[in-house]
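> just need the structure, nothing else, for what follows:
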Amino acid sequence: MADDKSNAAEYWKANVRTIVGCLVVWAFVSYGCAILFRPLLAGIPVGGTDLGFWFAQQGSILTFIVLIFFYAWKMNKLDEKYGLGE
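You can find the predicted model right below:
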């Protein structure tokens, strides 16, 4: 029983770590690159506009989609590791 609680605590800790990592990446891309670092990225052309504008319009959305797939893949790996796979 104690082993099950320990296993559940480790699983939850790994899950929260994955969620926090994904949120940090998304916040950096959507807030950092699109707003804070936009003047630094303004000189880099991408598709007829600057990189800061691109991150604000498409980059944060594409990053979010990639993070969804990454999270699903990572959680499947964690499920297998802790014996909770399908």
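> next, Gly43: secondary structure please.
Per DSSP: H, G, I helix; E, B strand; the rest coil, the local secondary structure of Gly43 is coil.
> residues in contact with the closest residue to it other than its chain neighbours?
Nearest residue to Gly43, sequence neighbours excluded (C-beta to C-beta, 6 or more residues apart in numbering): Asp50, at 7.0 Å. Heads up, the C-betas are built off the backbone N, CA and C, glycines and all. For Asp50, the contacting residues are 38, 41-44, by C-beta atoms under 8 Å, 6 or more residues apart in numbering.
> of all the residues you listed, which comes closest to Val66?
Val66 has its nearest neighbour among the contacts of Asp50 in Leu41, at 19.0 Å by C-beta to C-beta.
> residues near the closest one, how many?
Residues lying near Leu41 (other C-beta atoms under 10 Å) number 19.
> repeat that for Trp73.
Considering only other C-beta under 10 Å, Trp73 is surrounded by 10 other residues.
> ok, Gly59 next?
There are 19 residues near Gly59, going by other C-beta under 10 Å.
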